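Colleague: Just to be clear, the model below is a prediction. Sequence and coordinates:
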Amino acid sequence: MNKLVVFLFLILLVTISCSRNKNYDFLFIQSQKYIQFNSDQKRKCLDSLELISKSLPNDIITRHFLFDLAAEYYFLNQLQKSFKVSKRVFQLSSDVKDSLGIAKSLYYMGDCYEITQKDSAYFYYQKAEKLYRWLGNKERIGRMLFNKGYLLFYDGNYLESEILVSKALQLLKKSDDIKLKFTCYNLIGTNFEKLEEFRESLKYYLLAKELLNDLTEHNNDFDQKNSYKITLSVNIANIYEKRLQYSKAEKELESILTTDLKEKWPKDYSTVIGNLGYVKTKLGNLKDGEALMKEALVLSRKSGIKSSIVYKLHNLGKYYIDTKDTLQAILYLKESLQLAEKLKSTDDVKINLQLLSTIDKTNTSYYDKRYITVSDSLTKVQRKNRNKYARIEYETSVVEDANKELSSRNLYLIVGVVVLAGALGIRYVLGQRKELAYRKQLQAAELELFDLMRSSQIALNRAKEEEQNRISRELHDNVMNKIYGARLQLGMYNTMTSLEAEEKRSKQIDNLQLIEQDIRSIAHDLYSDMVSHFDFSELLASCVQQANATTEFHLDCDERIDWESISGLVKITIYRIVQEALSNVAKYADASQCFVTITQLDATSLRLTVIDNGKGFDMSQTTKGIGLKNMSTRARAVKAELNIYSLPEQGTTIQCRFEV
């Protein structure tokens, strides 16, 4: 071990020396010698490198090496050490204000918690995403959205997961990262499969398949290339099976059933023949199908992958239901149920309970009660997970109301499952579609708000550029000329000793003081012109400033409001109501002043108030115009409370209370 430490130290000395010539790279981790180490040797090697690296300077080369070190620890499943190194890079990057390094280290820290503490992983991905948005790195934003969607998927939040990954794909349209786009399509397909939206699921699986050739062409890892192909084909075949298109499912599975598959990847082979066997039984080939399913079960038992055993037992149970062999069906389904309960696989538990309820007539009531208990437990877990990820931008009051309505419907469906089990699936799908519509409405609002923010930011940057040009001209044309004149005058009088020369020198010194004041004024203008961050309050201010009328408009926005925590749907509603109200004031009110106020009432509510001193109107006699109707419609969409008060010659007051 001592020889290894000395060897590594010499490598670092050489690479540090090379870094001064800009030819530096820590190549040892990628060297053939390192690759040939076993896991324990690699770990000891990494520990030694980490210890030695503490003596290195905080420069970009050192930080890049530490990222490589953290990644290697991660691949060796040394998650605590990977997190420790990532946290160190975070501190080093923070010390030198390296925003890209900070974002990347947050991303790495999130990866370390991805399996053990999903809420912590989500926290770090969220922070990394914000930084990448500030940096404008679309590919990395897409990666963070995918990571968050992946976490939500494994917590059962399929709708939230689908929306996040869809947003990731929007950002990745022009990306060259084929692997990331492939996994995005695959995950969206899986989400829709869980939601029983099989048409949409197949659409995204086929989009992933279009990328498969490019993905495998640029990948030298043969095992990984095979994994991509097998996983995708099995997923596609599953959808064909659920849509009762058994011939297509058989064709898809047989296309990947090769001799190499059985010899080199027996676990994948077991999955393929298990599914293929079940499909064959559905096509009437009972003998071959049963043999394949039993062979798959034997292979799965040998591999010890319990989740695979559950699935194959379940398929055999369904097969024996189809062939009217009730005793065999009950035997396999009970074993599948017991194993699923040990694995805490709720979906598999529910499916087995449903099937046992239909065939084990003497115990139907028992299975139905257990099914209801499991479903209630799953609902509670999903609700808890939604609260755990409350920071997600889509968790708005509209969505929460929709979720409550959906939960209520699901409860009634579960109670009625004893009478009509099929009604549960239909009502659940209807509820999920309605919630998905809400989600898409929220996504559209986010995109609309983003476009507004971008347009306003461009206008602000243009104004800043014009102000900077003005200051530049002021420095060049005014201050520099004054300094030049003073310098010439002082040079002229510097050799004179008369009283008159002294007075003129004194006068030029006074002029220098005036020039100093000019420079301070310009410096102040430069300082006050700095804008550190453009947020929603700036967008509102821009909206008020653009109100082109004789009216004097004022905006008072409560500084306590955390706009980033408020959903895009609520923000775009506030913006459009303010825009419509100001337009009405400018066109009809004949007001000299108008005040727009946004107040934080408590932790969960805001109040928007628009007051003008115009001519008002008689609310009992005036039919609401299109502008007021638009405001009412927008308020109802987010469950906000809108009230309008007006009297002739006494102005108009619009109040709207939002629950956030």
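Modeller: Received the coordinates, thanks. The shown structure was predicted, so the numbers you read here are calculated from the model rather than taken from an experiment. Numbering: from 1, shown residues only.
Colleague: Please report the distance of Y319 from A547.
Modeller: From Y319 over to A547 the distance is 71 Å, taken as Cβ to Cβ, to the nearest Å. Using the backbone N, CA and C atoms, a C-beta is placed for each residue, glycine as well.
Colleague: which one of those two has more residues nearby?
Modeller: Applying other Cβ atoms under 10 Å to Y319 and A547 shows that Y319 carries more neighbours, namely 23 against 18.
Colleague: Can you work out which other helices and strands pack against the one helix or strand the more buried one maps to?
Modeller: Per DSSP states H and E, Y319 falls inside helix 306-322. Under the contact criterion of 3 or more Cβ pairs under 8 Å, 6 or more residues apart in numbering; DSSP states H and E, helix 306-322 touches helix 266-282, helix 286-303, helix 326-343, helix 346-359.
Colleague: between it and helix 266-282, how many degrees?
Modeller: Orientation check (axes from the mean of the first three to the mean of the last three Cα atoms, to 10 degrees): helix 306-322 against helix 266-282 gives 10 degrees.
Colleague: Can we start the residue count at 3 from this point?
Modeller: Sounds good: first residue 3 from here, last item helix 308-324.
Colleague: And for A239, the neighbour number?
Modeller: Summarising burial for A239: neighbours were counted as other Cβ under 10 Å, giving 26.
Colleague: so it sits in a helix?
Modeller: Yes - counting by DSSP: H, G, I helix; E, B strand; the rest coil, one finds A239 located in a helix.
Colleague: S249 is in contact with that one, correct?
Modeller: No - using Cβ atoms under 8 Å, A239 makes no contact with S249, being 11.1 Å away.
Colleague: Q657 falls within a strand, correct?
Modeller: Yes - counting by three-state DSSP, Q657 falls inside a strand.
Colleague: Quick check: bridge partners of it?
Modeller: For Q657, the beta-bridge partners are T611, N645 (DSSP bridges).
Colleague: how close does it sit to M111?
Modeller: Distance from Q657 to M111, by Cβ to Cβ: 45 Å.
Colleague: Show me which of these two is the more surrounded one.
Modeller: Per other Cβ under 10 Å, whichever of Q657 and M111 has more neighbours is M111, with 25 against 15.
Colleague: Let's verify S57: helix, strand, or coil?
Modeller: Per three-state DSSP, S57 ends up coil.
Colleague: For it, what are phi and psi?
Modeller: S57 has phi and psi values of phi -90, psi 0 when expressed as degrees, to the nearest 10.
Colleague: Just the pLDDT for it.
Modeller: Per-residue pLDDT puts S57 at 85.
Colleague: ok, how many other residues are close to it?
Modeller: Using other Cβ under 10 Å, S57 has 10 neighbouring residues.
Colleague: who touches stretch 307-324?
Modeller: For stretch 307-324, contacts defined as Cβ atoms under 8 Å, 6 or more residues apart in numbering pick out 269, 272-273, 276-277, 279-280, 283-284, 291-292, 295-296, 298-299, 302-303, 328, 330-332, 334-335, 337-338, 341-342, 344-345, 347, 350, 353-354, 357, 361.
Colleague: Buried subset of those, written for PyMOL?
Modeller: The following PyMOL line selects those of the contacts of stretch 307-324 that are buried, judged by 16 or more other Cβ atoms under 10 Å:
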select buried, resi 272+273+276+277+279+280+283+284+291+292+295+296+298+299+302+331+332+334+335+337+338+341+342+347+350+353+354+357+361
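Colleague: Stretch 313-331: which residues count as buried?
Modeller: Across stretch 313-331, burial judged by 16+ other Cβ under 10 Å covers Y313, K314, L315, H316, N317, L318, G319, K320, Y321, Y322, I323, A331.
Colleague: So which of these is the closest to L557?
Modeller: Y313 (59.7 Å; Cβ to Cβ).
Colleague: Okay, the closest one and G276: tell me how far apart.
Modeller: From Y313 over to G276 (counting by Cβ to Cβ), the distance is 7 Å.
Colleague: Could you find the closest non-adjacent residue to V167?
Modeller: The shortest distance from V167 to any non-neighbouring residue, by Cβ to Cβ, 6 or more residues apart in numbering, is to G151 (4.0 Å).
Colleague: residue contacts, the one you found?
Modeller: Here G151 is in contact with E162, S163, E164, I165, L166, V167, A170, L189 (Cβ under 8 Å, 6+ apart).
Colleague: gap between it and K132?
Modeller: For G151, the distance to K132 equals 17 Å [Cβ to Cβ].
Colleague: Could you list the low-confidence segments of the stretch 153-302 of the chain?
Modeller: Scanning the stretch 153-302 of the chain for pLDDT under 70 picks out 220-225.
Colleague: In it, mark out all the helices, start to finish.
Modeller: 160-173, 180-196, 200-219, 224-244, 248-256, 261-266, 268-284, 288-305 (DSSP state H, counting those that start in this stretch).
Colleague: Ok, which of those helices comes nearest I62?
Modeller: Across those, closest to I62 is helix 180-196 (Cβ to Cβ), at 24.7 Å.
Colleague: longest strand anywhere in the protein?
Modeller: The longest strand of the chain (DSSP state E) is strand 595-604.
Colleague: Could you check it and say which residues are buried?
Modeller: Result for strand 595-604 [16+ other Cβ under 10 Å]: buried residues C596, V598, I600, Q602.
Colleague: Can you lay out these as a markdown table showing pLDDT and distance to D216?
Modeller: Output for the buried residues of strand 595-604, formatted as a markdown table (pLDDT from 0 to 100; distance: Cβ to Cβ, whole Å):
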| residue | pLDDT | distance to D216 |
| --- | --- | --- |
| C596 | 92 | 57 |
| V598 | 95 | 52 |
| I600 | 95 | 49 |
| Q602 | 93 | 51 |
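Colleague: so how far is E661 from the residue lying closest to D49 once chain neighbours are set aside?
Modeller: Using Cβ to Cβ, 6+ apart and skipping residues adjacent in sequence, the residue nearest D49 is K83, 7.8 Å away. Distance from K83 to E661, counting by Cβ to Cβ: 45 Å.
Colleague: Which one's more surrounded, those two?
Modeller: When K83 is set against E661 and neighbours are counted by other Cβ under 10 Å, the residue ahead is K83, at 20 against 17.
Colleague: And D537, how far from K132?
Modeller: Taking Cβ to Cβ, one finds D537 at 12 Å from K132.
Colleague: Rounded mean pLDDT for stretch 123-133, please.
Modeller: The pLDDT scores in stretch 123-133 average 89.
Colleague: count of neighbours near the spatially closest residue to E164 that is not a sequence neighbour?
Modeller: Nearest residue to E164 in three dimensions, chain neighbours excluded: N193, at 4.1 Å (Cβ to Cβ, 6+ apart). By other Cβ under 10 Å, the residues close to N193 number 26.
Colleague: can you check K35 too?
Modeller: Around K35 there are 9 residues (other Cβ under 10 Å).
Colleague: Run the chain-centre distance for the strand or helix carrying it.
Modeller: For K35, the element it lies in under DSSP H and E is helix 34-37. Mean-position distance between helix 34-37 and its chain equals 37 Å (Cα atoms, centre = their mean, to the nearest Å).
Colleague: Would you mark the buried spots in that helix?
Modeller: Y36.
Colleague: What mean pLDDT does that helix get?
Modeller: On average, helix 34-37 scores 73.
Colleague: and the angle from the strand or helix carrying F660 to strand 595-604?
Modeller: Element membership for F660, per DSSP H and E: strand 654-661. Interaxial angle, strand 654-661 versus strand 595-604 (the same axes, to 10 degrees): 20 degrees.
Colleague: which other helices and strands contact strand 654-661?
Modeller: Applying 3+ Cβ pairs under 8 Å, 6+ apart, one finds that strand 654-661 contacts helix 570-586, strand 607-614, helix 628-639, strand 643-648.
Colleague: of all these, which lies closest to N40?
Modeller: Here helix 570-586 is closest among the helices and strands packed on strand 654-661 (Cβ to Cβ), at 50.8 Å.
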